[in-house]
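Trainee: just a sequence and a predicted model for now, questions to come.
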Amino acid sequence: MNTDRENKYEKMYDILLDYEQNIHQKNQKKIRIGLKCVVLIPLIFLILLFWTESSKIIFLVLWIVSVFVIATYLIAVEYQDYKLQEKLNELNDRGNVPVESLLGEGILGTEDIIKNAIQRMDNSLNIEERVPDKHEEYN
């Protein structure tokens with residue numbers, strides 16, 4: 001009787017894991033679509049701007065609003081996925097396991113690359129070259 005109950009729980013847990021994986025994959029597709037929209041929608045507004053003789057302000061406002069809407073959409077999808085994985089880790093008794101980001105670990109690694117590049121630029125720009133005085137040039 002106890003093993004029958006355990007089998008049911010294992011089956012339910014497997015179904016839950018499959019469901020979470022499906023939602024995670026759908027969220028990844030949603031993120032890809034959202035990122036494509038961030039590029040395509042401004043291009044569409046730019047084409048419409050040059051194609052029509054309308055006011056540029058209208059297209060600028062539409063572009064800004066669309067970027068905010070897409071950003072809100074991307075944040076909402078990422079947050080839903082984060083909460084889903086957090087709950088799954090709770091069910092799995094793995095509370096200290098970091099939640100996998102939808103954007104991947106490549107995005108997280110770019111922060112260090114950018115910091116290093118900025119540091120190198122600072123170092124190269126802050127090198128003080130000694131400029132000779134007018135008096136030294138003629139001597």
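Mentor: Received the coordinates, thanks. Numbering: from 1, shown residues only.
Trainee: which strands and helices lie in contact with the longest helix seen in the chain?
Mentor: With DSSP state H setting the assignment, residue counts place helix 2-51 as the longest helix in the chain. Using 3 or more C-beta pairs under 8 Å, 6 or more residues apart in numbering; DSSP states H and E as the contact test, the elements touching helix 2-51 are helix 56-91. C-beta here means a position set from N, CA and C on the backbone, and glycine is covered the same way.
Trainee: in the helix it packs on, what's buried?
Mentor: 59, 62-63, 66, 70, 73-74, 77-78, 81, 84-85, 88 (16 or more other C-beta atoms under 10 Å).
Trainee: so where's the protein uncertain?
Mentor: Across the chain, the ranges flagged by pLDDT under 70 are 1, 93-118, 120-122, 124-139.
Trainee: quick check: closest non-adjacent residue to residue 34.
Mentor: residue 74 (4.5 Å; C-beta to C-beta, 6 or more residues apart in numbering).
Trainee: run a quick neighbour tally on residue 92.
Mentor: By other C-beta atoms under 10 Å, the residues close to residue 92 number 12.
Trainee: if we can go back for a sec, could you check the angle helix 56-91 makes with the longest helix of the chain?
Mentor: 170 degrees (axes from the mean of the first three to the mean of the last three C-alpha atoms, to 10 degrees).
Trainee: of the buried residues of helix 56-91, closest to residue 49?
Mentor: Here the nearest of the buried residues of helix 56-91 to residue 49, counting by C-beta to C-beta, is residue 59; it sits at 4.5 Å.
Trainee: the closest one against residue 51, yeah?
Mentor: No: counting by C-beta atoms under 8 Å, residue 59 does not reach residue 51; the two are 10.6 Å apart.
Trainee: now do the contacts for the residue nearest to residue 81 when sequence neighbours are not counted.
Mentor: Using C-beta to C-beta, 6+ apart and skipping residues adjacent in sequence, the residue nearest residue 81 is residue 27, 4.4 Å away. Applying C-beta atoms under 8 Å, 6 or more residues apart in numbering, we find residue 27 in contact with 77, 78, 80, 81, 102.
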